[in-house]
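Visitor: structural data only, the sequence is not supplied:
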């Protein structure tokens, strides 16, 4: 899918603020979409690729670096949110539990949240964390779009098999969900991701 003006719209993103809990989040107005994913799944890289800003979302060789809700403003009414990552993070169990409570509260109570982008490493999808997020989203009535990252690391046939397997497994969840391959390295899947975000954020199509 060819990149469009909508793909370029996200280049406007700028860092707004970080929050340790729901009370510290920006005003609950307008619309926002949150990115979630297991540590090392490529969540921050996906945000940076979407916005064409390699320094916007923090990336690190040490998984679990994102421990706050990080807000990025597109304009006064639209935001992207980078949620804490889980999985390989070398942090105490008590801290992980706090992160879970923080995300659960955010997903359940944030009125401006329009959808959730769930980032999974295409080579290792549907981890326990991924399943937990799908359960949460279903309980909250939150639509989910899955981007299967690092798709460039698999051959075409393997990518097709993984995508089909993920889509089959999604039938077990009571949630509105879609999925696509994605490569931050090659920008594959960018336009499709932008289209989903544009629909959730209610962005108008550019008039000729």
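Guide: Now that the structure is in, tell me what you want to look at. These numbers come from a predicted model, not from an experiment.
Visitor: is it true that residue 36 lies in a strand?
Guide: Yes. With DSSP: H, G, I helix; E, B strand; the rest coil as the criterion, residue 36 is located in a strand.
Visitor: that one bridge partners, please.
Guide: residue 118 (DSSP bridges).
Visitor: okay, now it: neighbour count?
Guide: 27 (other Cβ atoms under 10 Å). C-beta: built from backbone N, CA, C; applies to glycine.
Visitor: cool, the one 4 residues further on as well?
Guide: Using other Cβ under 10 Å, residue 40 has 21 neighbouring residues.
Visitor: hmm, residue 68 is touching residue 85, no?
Guide: No. Checked against Cβ atoms under 8 Å, the pair residue 68 and residue 85 is beyond contact range at 11.1 Å.
Visitor: the two: who's more crowded?
Guide: residue 85 (26 against 17).
Visitor: quick check: that one touching residue 41?
Guide: Yes. In this structure residue 85 lies within contact range of residue 41 using Cβ under 8 Å: 7.2 Å.
Visitor: excluding chain neighbours, what is closest to the spatially most central residue of the chain?
Guide: Taking Cα atoms, centre = their mean, the centroid of the chain lies closest to residue 35, which sits 2.2 Å from it. Nearest residue to residue 35 in three dimensions, chain neighbours excluded: residue 117, at 4.7 Å (Cβ to Cβ, 6 or more residues apart in numbering).
Visitor: please apply the same query to residue 53.
Guide: In space, and not counting its chain neighbours, residue 53 is closest to residue 13: 6.7 Å by Cβ to Cβ, 6+ apart.
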